[in-house]
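Visitor: Coordinates for the following, if possible.
(one chain, ligands or ions: 2)
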Amino acid sequence: MHNHPVLVLGGGQLGLMMAEAATHLGVVVDRLDTATDQLIPGTSNLRVDTDLTVLLRRYSVITAEMEHLPNNELVTALRDSNLWANGSAFYILPARNRQKSLLDEIGVNNAPWQMLQVVDDLPAVHDALGETLIIKTTRGGYDGKGQWVIPRGIQHDIPPSAFGELIAEQKVDFSREVSLVGARASNGQTLFYPLAENHHHQGILRFSIAPARASSHLQAEAEQMLTKIMERLNYVGVMAMECFEVDGKLMVNELAPRVHNSGHWSQTGSGVNQFDLHIRALSGVVFPKVPSFRSTLMMNLIGCDYHPHWNQIDGVHCYWYAKEKRENRKLGHINISQIDLGDIQGKAECLRPLLDEEHRSMLDLAMLRF
Ligand code: ATP
Ligand code: MG
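Guide: Residues are numbered from 1 along each chain as shown. Ligands and ions are numbered 1, 2, ... in the order given. Reported below is the predicted structural model:
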């Protein structure tokens, strides 16, 4: 019996899926809603008042489902405690400038960049990085928020107050986006999933295909890069590395010190999913031998309504997060894994009529790529 209860900071779907995976491992995973400082036991939606003393006594290790954590008193105290698992990763990675400096320092290829301090620096930054820049806030961005695409000389709408907390990146002319999700145990052992191929629309991940097509030549390079990063941070748990493929080589876009949307395919596509692996790493349950993998399509359900018939199609697995519907919000995802040849296309055909127009066109796009 393993007895290392894990506390996850954050009350969203990633922590929920960790709690679900942990039930099979004999490990207790509870979550802390950092907006209200309330404890959410296991996979329930109960919210229970708590305090620092209780939390420090009850849990053996503290992790998070998001890198942008609030600085409130309770979260700060938990992060200052010796239960907090990945202090340096959570100090460095949430700030894009620190993250990219680390990559430069250890020689991991990433999109060329500079700090952008004042608006008058723009012409010089264009001279250094190119005619089109991607400007990003150093902190807090997700799903393409806090980003601006700026061609030279164009009137832009970056708020003046953002300057000083911005980086400028070269606009990378990539052939595709892939990500590597992997885990490191406290004894240094690592385990990696095959690369996933990711398709974004308006800055939001729409679908992933795993293993990425024709990617065997990239896998070893990706694993070396992520190993170097995790070792440098003495990291324990699952980390995700988003990359651009440029001329058959990888360039890191960004790192996430957590389970990742582009790893959701592993819930049906692998014998051991990323949530399971993260909890194993943190609570000292041994890693599996290399798990088996099945070709999988993961499609995000964004800003749409739940359709009860999705889960009626054999082989179509819908994960619905029961979050409030909002435009452009990730509300669930669907996995379809390959069992026999032609299987995914057949399942996709059954799913297609049950989708709204936007998701139908994403599914059609995904099928063209398969
Ligand atoms: P996430 O939701 O993954 O946290 P994010 O909002 O933090 O995303 P990024 O991953 O940095 O932001 O960027 C979102 C998408 O914008 C990328 O997946 C890519 O499609 C595009 N993009 C970002 N940076 C660049 C770049 N330097 N050159 C070209 N495209 C880029
Ligand atoms: Mg990203």
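Visitor: what about the helices in the protein?
Guide: 13-22, 52-58, 73-80, 87-92, 96-105, 122-129, 216-232, 266-269, 274-283, 343-351, 357-369 (DSSP state H).
Visitor: Save those as CSV, and put in mean pLDDT and distance to ligand 1 too.
Guide: C-beta here means a position set from N, CA and C on the backbone, and glycine is covered the same way. Shown next, in CSV, are the helices of the chain (pLDDT from 0 to 100; distance: least, CB to the nearest ligand atom, whole Å):
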stretch, mean pLDDT, distance to ligand 1
helix 13-22, 98, 12
helix 52-58, 98, 27
helix 73-80, 98, 20
helix 87-92, 97, 15
helix 96-105, 98, 8
helix 122-129, 97, 9
helix 216-232, 97, 16
helix 266-269, 98, 17
helix 274-283, 97, 15
helix 343-351, 95, 24
helix 357-369, 96, 15
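Visitor: For these, state which one has the densest average packing.
Guide: Highest mean neighbour count of these: helix 274-283, a mean of 27 (counted as mean count of other CB atoms under 10 Å).
Visitor: Can you name every helix or strand that it contacts?
Guide: strand 6-9, helix 13-22, strand 61-64, strand 176-184, strand 237-246 (3 or more CB pairs under 8 Å, 6 or more residues apart in numbering; DSSP states H and E).
Visitor: The stretch 51-200 of the chain against ligand 1: which residues are in contact?
Guide: Residues of the stretch 51-200 of the chain lying near ligand 1 by CB under 6 Å from any ligand atom: 111, 134, 141-145, 169-172, 177, 200.
Visitor: filter those residues to the buried ones?
Guide: Neighbour counting with 16 or more other CB atoms under 10 Å marks Ala111, Ile134, Gly141, Asp143, Glu169, Gln170, Lys171, Val172, Glu177 as buried within these.
Visitor: Which residues does the last one form beta bridges with?
Guide: Right, Glu177. Beta-bridge partners for Glu177, by DSSP bridges, are Asn198, Phe244.
Visitor: Contact partners for Leu103?
Guide: Contacts for Leu103 (CB atoms under 8 Å, 6 or more residues apart in numbering) come out as Asn109, Asn110, Ile229, Val252, Leu255.
Visitor: For His260, which of the helices of the chain is the nearest?
Guide: Nearest of the helices of the chain to His260, taken as CB to CB: helix 274-283 at 7.3 Å.
Visitor: Tell me what angle the closest one forms with strand 176-184.
Guide: Between helix 274-283 and strand 176-184, the angle comes out at 30 degrees (axes from the mean of the first three to the mean of the last three CA atoms, to 10 degrees).
Visitor: Please compute how far helix 274-283 lies from its chain's middle.
Guide: Averaging C-alpha positions (CA atoms, centre = their mean, to the nearest Å) puts helix 274-283 15 Å from its chain's average.
Visitor: got it, and stretch 349-362?
Guide: So, by CA atoms, centre = their mean, the centroid of stretch 349-362 is 24 Å from its chain's centroid.
Visitor: tell me the domain ranges of this protein?
Guide: 6-84, 112-170, 176-369 (automatic domain parsing).
Visitor: can I get the ones you listed in CSV with distance to Phe90?
Guide: As requested, those are exported to CSV (distance: least, CB to CB, whole Å):
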stretch, distance to Phe90
domain 6-84, 6
domain 112-170, 12
domain 176-369, 6
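Visitor: how about those domains, which one is nearest Pro94?
Guide: Nearest of those (CB to CB): domain 6-84, 4.3 Å.
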